[in-house]
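>>> Quick one, fold the following:
(one chain, ligands or ions: 2)
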Amino acid sequence: MNTIRDYFQSIEADLKEWRQELHQNPELAFEEHWTSDFVAEKLKSFGYEPVRGLGGTGVVATISNGEGPSVGLRADMDALPILEQTNLPFASKNSGKMHACGHDGHMTMLLAAARYFAESRDFQGTLHFIFQPAEEGEAGADAMIKDGLFEQFPVQEVYGLHNWPGLEEGSFAGRVGPQMAAFDVFEIKITGQGAHAAMPHLGKDLLLAAANIQSQLQSIIARSVDPLDTGVVSVTQIHGGDAWNVLPSEVIMRGCTRHFTSKVQDLIEQQMSEICQGVARSFGISVDLDYMRRYPSTVNTERETEIALSAAKAVAGEDKVSDTLPPSMASEDFAFMLQKKPGCYLWVGAGSTEGGCMLHSPTYTFNDKILAPGAAWWVNVAKTALKRGTSA
Ligand SMILES: [Zn+2]
Ligand SMILES: [Zn+2]
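Numbering: from 1, shown residues only. Ligands and ions are numbered 1, 2, ... in the order given. Next up, the predicted model:
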């Protein structure tokens, strides 16, 4: 595999140029028009005929060589609403928008792999390169799936890669089972008869009801979830009242939940609903819960994780690959693809977080030194997956 890594090392200057051009032109979720053009043009220059428009700005390119299985390789394209503070010569030209999650690097690594396969054709089967919009909270993966991604481009399995600051530069980590948490958001609307604060018996105290709901919500994780499972329920907003001496007639509570399994997710939603109904009954008020499921948990399957890790070992060496790092409570919309297809979402170490080099930080900088190992992993994981044949 070192020859593949050497190949990417030899074209590293090109890769840096692509990455830095993408970095200068960040676009937010579902607005990746320039980005989509850039990706499609590069793919065409390698000889592909990219298909545009899935999920709005999505781009998919396919290469086939003889009979064999079909594998999906996915990169994300969107940037974040962050004002960049890196002072880099190629910093964002779009004020208030920034590639602060490294999706510029992810696109570059996958484009590099697409170029490699177009030039070498040393594989058997079919590869679909999937460039996906709107990873950051807007579920672009789900949008592509709903637009027929896997009907138009049937794949047996699918892989994703994310740079991970804090993990040794060029190392890899991934595990079987949940890699990233699911996240949901909720709004609780409490309504009832307000009252003079000196005469509470003439109305309802919705703030006291909110306090009851808030404290009861914390019993869900503590008392209802199996202690060996995990989850978080966080109330992050309570809005109600605007006078010293008036009990309000409406209170709004909002927050989010995190969890790794649908069992815990279902349980949290069910218990929240029961707590709200219980408080409504005991206070004689209305409590309406709007529980909105956002991203499912990103769950890696066993066979594909083994393929992803063995591909990583060939690129970085045995001792630079971990299958025991704990999962992250952050979330990722590759989860939608993993709900449809077996696959693996892996982290490639981006090195030190010094100087605020953390994901979603205005001082984050993608580490260009991991472009070559990341691209080499893409080639290796594709080849390994195709060689292993069908999972059936
Ligand atoms: Zn992000
Ligand atoms: Zn990201």
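>>> Over to residue 335. Which of the three states is it?
The three-state label given to residue 335 by DSSP: H, G, I helix; E, B strand; the rest coil is helix.
>>> Per-residue pLDDT of it, please?
At residue 335, the model reports a pLDDT of 97.
>>> Measure how buried it is and give me the count.
Residues near residue 335, counting by other C-beta atoms under 10 Å, number 25. In short, each C-beta sits where N, CA and C put it, glycine included.
>>> Kindly report the same for residue 356.
13.
>>> So it versus residue 95, what's the distance?
19 Å (C-beta to C-beta, to the nearest Å).
>>> Check residue 82 too.
Applying C-beta to C-beta to residue 82 and residue 95 gives a distance of 11 Å.
>>> these two touch, right, residue 156 and residue 125?
No - in this structure, residue 156 is not within contact of residue 125 by C-beta atoms under 8 Å, at 9.1 Å.
>>> Can you check which residues contact both of the two?
69-71 (C-beta atoms under 8 Å, 6 or more residues apart in numbering).
>>> Tell me the one of these nearest residue 17?
Taking C-beta to C-beta as the measure, residue 71 is the one of those closest to residue 17, at 27.7 Å.
>>> Nearest residue to the closest one in space, please, no chain neighbours.
Among residues not flanking residue 71 along the chain, residue 385 sits closest, at 4.7 Å (C-beta to C-beta, 6 or more residues apart in numbering).
>>> what about the one you found, which SS state?
Assignment for residue 385 (three-state DSSP): helix.
>>> Local confidence estimate at it?
97.
>>> so what's it up against?
Per C-beta under 8 Å, 6+ apart, neighbours of residue 385: 69, 71, 156-157, 159, 304, 307.
>>> Number of residues surrounding the residue lying closest to residue 362 once chain neighbours are set aside?
Excluding the flanking residues, the one nearest residue 362 by C-beta to C-beta, 6+ apart is residue 85, at 4.1 Å. Residues near residue 85, counting by other C-beta under 10 Å, number 14.
>>> Surely residue 85 is in contact with residue 365?
No - with contacts counted by C-beta under 8 Å, residue 85 stays clear of residue 365, the gap being 10.6 Å.
>>> Are we agreed that residue 290 is in a strand?
Yes - Residue 290: assigned to a strand according to three-state DSSP.
>>> any idea how far it is from residue 232?
Relative to residue 232, and taking C-beta to C-beta, residue 290 is found at 19 Å.
>>> Can you mark which positions in the strand or helix carrying residue 372 are buried?
Using DSSP states H and E, residue 372 maps to helix 371-388. Applying a neighbour-count criterion of 16 or more other C-beta atoms under 10 Å, one finds 371-386, 388 buried in helix 371-388.
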